[in-house]
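> Pasting a predicted model and its sequence here:
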Amino acid sequence: MPKSLYPTAILLLEDGKVFHGRACGAIGTTTGELCFNTGMTGYQEIFTDPSYYGQLLVATHVHIGNYGIEDHESESKGIKIAGLICRTFNDVPSRARAQSSLKKFFVDNKIVAISDIDTRALVRHLRSAGAMNGIISSELTDIAKLKEMLKKVPSMQGLELSSKVATEKAYEEGDADARFKVALFDMGVKGNIVKCLTARGCNVKVYPMASSISDMTKWKPDGFLISNGPGDPGVMADEIETIKQIIEAGLPVLGICLGHQLIALANGIATYKMHNGHRGINHPVKNLLTGKCEITSQNHGFAVSEDGIKKSKNVEVTHINLNDGTIEGIRLKDKPVFAVQYHPEAAPGPEDARYVFDEFIQLMEKAKVPQSKKVKA
């Protein structure tokens, strides 16, 4: 459809800056925290990542929607972003095997989006001013009214969102007779995390946030995974307490993204809201244990305090971000517990960090070896 036939739309930022564009999703109004992703591919995986819940996503890549939608490429059921802001929105997919256009996907999921925005100028503004809330509307044109609506939108800092996207009932994935059983404490897990575990011989049981340590240990897992998810980790007191108990159980534990932050908080290390966060598929990270570097997929607006790590006697840094020096990985010195801030499962992004799952498997393998055999070795 010619752009001239698209309904007009407005993007209003919390600081009063206004952008005018065209509606390219469902007609309506939506609000959330503005964030930007620098990835050039993988928009479907990004839009369906539960960690983006409650956020208005700015796509820095010019063309969005050009290869359409395939069902198996979603990371969860339905779209999780609150809205999309992009430069060029493509109605007609060029990929022959596409099952749907992005336009239909957005309309079916009732997602409001705006295109024909100077995203370069918008991202430069956000990089300078920092993360802030915004509102997109393709039905209202009264700026004063939009400002009043935007004032009521809560800050991401202090907001618990994982309960909006985590599973409500426990479920299993993988072979029931697999060598390893992994209890996954769900805060909004991406589907590819589960796939990376089942592909490595794991039977995964995904547990709701309200699960207790006794609920999970009854299943007799060989290890625990604390998943990614949205929101401020600092307000998740109940989950932090459960993770303390998981760590005390002594089994191998892997944390990813939000899980990394929650493991830090469970060990008395604070987290903080970042100026902009890391969102993209080309973030360079150095593994301090091996000296090797990897290109990683990332999506987070909070990070672990470096000062808190320095004061800790039991937690050490294993990975750092080569762009800004922020902490990308930690481990405990006295227990088989480690975590990474980035996404080793990718989806989208490079697979440099998939070894993280292999190291988790190795920890569970080591824990399975009888003590007598360990002594002989």
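Yep, it's here.

> Can you list the low-confidence ranges for the stretch 1-150 of the chain?
Scanning the stretch 1-150 of the chain for pLDDT under 70 picks out 1-5.

> what's downstream of whichever strand or helix holds V107, the next helix or strand?
Using DSSP states H and E, V107 maps to helix 102-108. Using DSSP H and E, the next helix or strand after helix 102-108 towards the C-terminus is strand 112-115.

> what sits up against that following strand?
Residues outside strand 112-115 that contact it (CB atoms under 8 Å, 6 or more residues apart in numbering): 6, 9-11, 19, 21-30, 64, 83-89, 106, 136-138. For glycine as for every other residue, the C-beta is placed from the backbone atoms N, C-alpha and C.

> Closest to the centroid, which residue in this protein?
Closest residue to the average C-alpha location of the chain: S51 at 3.5 Å, with CA atoms, centre = their mean.

> so that one makes contact with G301?
No: assessed by CB atoms under 8 Å, S51 is found out of contact with G301, at 9.2 Å.

> and for the two, which residues touch both?
With contacts defined as CB under 8 Å, 6+ apart, no residue is shared by S51 and G301.

> any idea how far G32 is from A353?
Applying CB to CB, to the nearest Å, the value for G32 to A353 is 28 Å.

> How about V194?
Distance, V194 to A353, by CB to CB: 17 Å.

> Likewise for K368?
24 Å.

> again, but for P208
According to CB to CB, P208 stands 27 Å off from A353.

> Out of these two, name the residue with the larger neighbour count.
Neighbour count, other CB atoms under 10 Å: between P208 and A353, A353 has more, with 23 against 15.

> Counting neighbours, what do you get for the closest residue to that one other than its chain neighbours?
Nearest in space to A353, with sequence neighbours left out and distances taken as CB to CB, 6 or more residues apart in numbering, is P344 at 3.9 Å. When neighbours are counted by other CB under 10 Å, P344 registers 26.

> Ok, K244 next?
Neighbours of K244 under the rule other CB under 10 Å: 16.

> Give the full set of residues in contact with it.
With contact taken as CB under 8 Å, 6+ apart, K244 is in contact with A266.

> same thing but at 10 Å, please
K244 sits next to 213, 262-263, 265-268 when contact means CB atoms under 10 Å, 6 or more residues apart in numbering.

> Pull out the buried positions in the longest strand along the chain.
If you go by DSSP state E, the chain has its longest strand at strand 271-287. Residues 271, 273, 276-281, 283, 285-287 are the ones in strand 271-287 that count as buried (16 or more other CB atoms under 10 Å).

> ditto for stretch 218-237
Applying a neighbour-count criterion of 16+ other CB under 10 Å, the buried positions in stretch 218-237 are 221-234, 236.

> got the contact list for the closest residue to D71 other than its chain neighbours?
Of all residues not flanking D71 in the chain, Q99 sits nearest, at 5.8 Å (CB to CB, 6+ apart). Neighbouring residues of Q99 by CB under 10 Å, 6+ apart: 68-73, 93, 105.
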